[in-house]
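K.L.:
Mind folding the following:
(2 chains, ligands or ions: 2)
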Amino acid sequence: MTAESKKGARILQIAKAVIFAFMGIRKKSDLEQDAATLKPSELIIGGIIGAIIFVVSIILIVRMVVS
Amino acid sequence: MAAVHGDAHGHGHDDHHPSGIMRWITTTNHKDIGTMYLWFSFAMFLTGGTLALGIRAELFQPGIQILQPELFNQFTTLHGLIMVFGAIMPAFVGFANWQVPLMIGAPDMAFARMNNWSFWLLPVAATLLVSSFFVPGGAAAGGWTFYPPLSTQGGLGVDLMIFAVHILGASSIMGSINIITTILNMRAPGMTLMKMPMFVWTWLITAYLLVLVMPVLAGVVTMLLTDRHFGTSFFNAAGGGDPVMFQHIFWFFGHPEVYIMILPSFGIVSEVIPTFSRKPLFGYASMVYATASIAILSCVVWAHHMFTAGMPTVGQLFFMYATMLIAVPTGVKVFNWTATMWQGSMSFETPMLFAIGFIFLFVIGGFSGVICAIVPIDIQVQDTYYVIAHFHYVLVSGSLFALFAGAYYWIPKWTGRMYNETLGKWHFWLSMFFFNLTFFVQHFLGLAGMPRRIPDYNLQFADFNMVSSIGAFGFGLTQLLFLYVMISCIRSGEKAPQNPWDGATTLEWTHLPTPAPYHSFEKPPVVK
Ligand code: HEM
Ligand SMILES: [Cu+2]
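P.N.:
Ligands and ions are numbered 1, 2, ... in the order given. Got it, this is the predicted structure:
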């Protein structure tokens, strides 16, 4: 694996963790993997980015609904 | 027991602390401070409860009988403030003080002296609040949300309230920093984050929320103060300010605040349900993730409290959708508790009864919340008794019931004695009955249009109000039974076995004697 694709896989794992967090569902094995590989700071930044994406997408949906 | 630590080392230290009243004033022991937090919050609970009974006595019949409107408004305002900031929040901090070090294998809280200071600020603030009834003009009367212009117009009572809120905020921030530091730095070897009991997790996340939003509250009351005394016009339209801005700032604090009051109770219920189902918590990982995401998302829904204050449709829809989506992780938690009970070998001691009562009634409160979040409905029910019913279902049968569950669950560990199970069960069933008698009918009152915060009402609301008042007095008296059960447990309860709950698996039950010695875990346990 190249360094690039490793980084990509890591970001993907953070994104997955955040998405599942927003739904409130996570498998035990995935949690353990998250805990072993991800740093808390990465998860917090991921969570904040996730919240921003969440807000922006609701704004877009609302725009669509009222237009 | 080979696994039992602390006792042997503990005795030597016990003599160091002063005795009598000075013990409590100077203590830096997390157990002493936790005990003081719990007694303080119970005293505030009775104070706020007395105010509530004043409100319900006046509302027993239409017309004005007991409280003049001015005093009535002071009662509703101080009832809310005292219950939120004096009873529920300090009670959870009391549980954190007692339980967090015991559950993570730490000898004490990280900042022991600051811990003493965070507690002793509370009686000061409480004195300010209670004494404000006796100053000229009386206590603050603009509601616990102290919206301007009412709060910029009131008298000295409002200043006392502002000062009290500052002090309480400072206490909460110090308490949270202490809890965060303790959890992050003082866990026993092997107690990784993902092995922490759910109660510790929920408090960690709650403490971050507190550090985030208490300064916002402090800021908004300071702006009120300068509007009142130093000629600023943040919220005064005549001076170019905007009263609606107050609501935005207040609720940016206020909505996370309601989650601050519910997340630790999720934690308590997540300890009690597995113990009495004799099964591990179903979906621990999901619970951690859901709690974290609730904390983040709770910061983007605040304006659902302001649908009638005037906002563009785009804004209304945004806050409606966001609010409804945040109910999803909350629902997942309810599912997980239910799944934990599924096929467990359950027993129904008092802590479990309160935990199940919590789940059942919290779901009703959650649903009425989602109904309030629907803009066209909320335009009808905003500022009516429907909202009152909603938040009492989440706060009384939510937060308070969870606190009761926790108190019955851990009192054997704290005192070394058992409470009276029969009386505990009476306490539960009477609370359950009278709680629903008081608040279920308020849904109907609200749907029929009875506004909140009024001392008098139209005749068509008479019957339900009478029912509600009877329920309230029953509920109030029932809580004296709780006081009796607790005092008689402390004084003369039967000696508790080492682990009275055979399903309990957390450190305080498996690695410490009962009662927990004054100094515990001086040598950290090793967690596998
Ligand atoms: C399922 C999650 C919840 C939803 C969707 C929800 C929704 C709402 C909405 C829309 C309102 C505003 C109603 C109005 O003023 O017209 C409201 C008010 C309120 N909620 Fe909730 N809520 C939820 C959970 C909670 C929880 C867990 C608590 C506290 C433990 C809580 C405490 C309150 C309080 C205190 C108010 C009234 C504030 C006031 O005006 O004095 N809610 N809720
Ligand atoms: Cu809210």
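K.L.:
Flag the shaky bits of chain B, pLDDT-wise.
P.N.:
Applying pLDDT under 70 to chain B picks out residues B:1-17.
K.L.:
Just want the most central residue of chain A.
P.N.:
Centroid-nearest residue in chain A, with CA atoms, centre = their mean: residue A:15, separated by 2.6 Å.
K.L.:
again but with chain B, I slipped
P.N.:
Geometric centre of chain B, nearest residue: residue B:88, 3.0 Å, by CA atoms, centre = their mean.
K.L.:
Can you tell me how far that one is from residue B:359?
P.N.:
Distance, residue B:88 to residue B:359, using CB to CB, to the nearest Å: 18 Å. Using the backbone N, CA and C atoms, a C-beta is placed for each residue, glycine as well.
K.L.:
Check residue B:514 too.
P.N.:
Per CB to CB, residue B:514 is found 28 Å from residue B:359.
K.L.:
Also residue B:102?
P.N.:
Going from residue B:102 to residue B:359 by CB to CB gives 25 Å.
K.L.:
Among those two, which residue is more densely surrounded?
P.N.:
residue B:102 (26 against 19; other CB atoms under 10 Å in any protein chain shown).
K.L.:
So that one is in contact with residue B:507, correct?
P.N.:
Yes: judged on CB atoms under 8 Å, residue B:102 makes contact with residue B:507 at a distance of 6.5 Å.
K.L.:
Now the least confident helix or strand in chain A by mean pLDDT - C-alpha only, PDB.
P.N.:
When each helix and strand of chain A is scored by mean pLDDT, DSSP states H and E, helix A:28-37 comes last, with a mean of 74. Below are the C-alpha coordinates for helix A:28-37, written out as PDB (Å, rounded to 0.1, in the frame of the first residue of the first chain):
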ATOM      1  CA  LYS A  28     -18.300  -3.700  18.900                       C
ATOM      2  CA  SER A  29     -15.600  -5.000  16.600                       C
ATOM      3  CA  ASP A  30     -15.600  -1.700  14.600                       C
ATOM      4  CA  LEU A  31     -15.500   0.200  17.900                       C
ATOM      5  CA  GLU A  32     -12.400  -1.700  19.000                       C
ATOM      6  CA  GLN A  33     -10.800  -1.100  15.600                       C
ATOM      7  CA  ASP A  34     -11.600   2.600  15.900                       C
ATOM      8  CA  ALA A  35     -10.200   2.700  19.400                       C
ATOM      9  CA  ALA A  36      -7.000   1.000  18.300                       C
ATOM     10  CA  THR A  37      -6.300   3.000  15.200                       C
END
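K.L.:
what comes into contact with it?
P.N.:
A:10, A:13, A:16-17, A:20, A:26, A:43, B:192-194, B:284-285, B:288-289 (CB atoms under 8 Å, 6 or more residues apart in numbering or on different chains).
K.L.:
again, only this time at 6 Å
P.N.:
Contact partners of helix A:28-37, identified using CB atoms under 6 Å, 6 or more residues apart in numbering or on different chains, comprise A:17, B:194, B:285.
K.L.:
now for the very next helix or strand once past it, which elements pack on it?
P.N.:
Moving toward the C-terminus from helix A:28-37, the next helix or strand (DSSP states H and E) is helix A:40-66. In this structure, helix A:40-66 makes packing contacts with helix A:3-23, helix B:313-341, judged by 3 or more CB pairs under 6 Å, 6 or more residues apart in numbering or on different chains; DSSP states H and E.
K.L.:
Now render those helices as a markdown table, adding distance to ligand 1.
P.N.:
What follows is the helices and strands packed on helix A:40-66, written out as a markdown table (distance: least, CB to the nearest ligand atom, whole Å):
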| stretch | distance to ligand 1 |
| --- | --- |
| helix A:3-23 | 15 |
| helix B:313-341 | 4 |
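K.L.:
I figured residue B:178 hits residue B:109, correct?
P.N.:
Yes: with contact defined as CB atoms under 6 Å, residue B:178 reaches residue B:109; the gap is 5.2 Å.
K.L.:
what about the closest residue to ligand 1 within the stretch 51-200 of chain B, neighbour count?
P.N.:
Per CB to the nearest ligand atom, residue B:145 is where the stretch 51-200 of chain B lies closest to ligand 1, at 5.4 Å. By other CB under 10 Å, the residues close to residue B:145 number 16.
K.L.:
Confirm it sits in a strand?
P.N.:
No: according to DSSP: H, G, I helix; E, B strand; the rest coil, residue B:145 belongs to no strand; its state is coil.
K.L.:
And for the closest residue to it other than its chain neighbours, the neighbour number?
P.N.:
Distance criterion CB to CB, 6 or more residues apart in numbering or on different chains; nearest residue to residue B:145, sequence neighbours excluded, is residue B:250 at 6.0 Å. Residue B:250 has 23 neighbours, counted by other CB under 10 Å.
K.L.:
Residue B:250: which element?
P.N.:
Per DSSP H and E, residue B:250 falls inside helix B:243-260.
K.L.:
got it, and residue B:124?
P.N.:
Using DSSP H and E, residue B:124 maps to helix B:112-131.
K.L.:
which residues are in contact with the following helix or strand past that helix?
P.N.:
The C-terminal neighbour of helix B:112-131 among helices and strands, as given by DSSP H and E, is helix B:150-153. The contact list for helix B:150-153, computed with CB under 6 Å, 6+ apart, reads B:142, B:158, B:224, B:227-228.
K.L.:
To what extent is residue B:339 buried, counted in neighbours?
P.N.:
16.
K.L.:
That one reaches residue B:280, doesn't it?
P.N.:
No: contact status for residue B:339 versus residue B:280: not in contact, 11.1 Å apart, counting by CB under 6 Å.
K.L.:
Cool, thanks, talk later.
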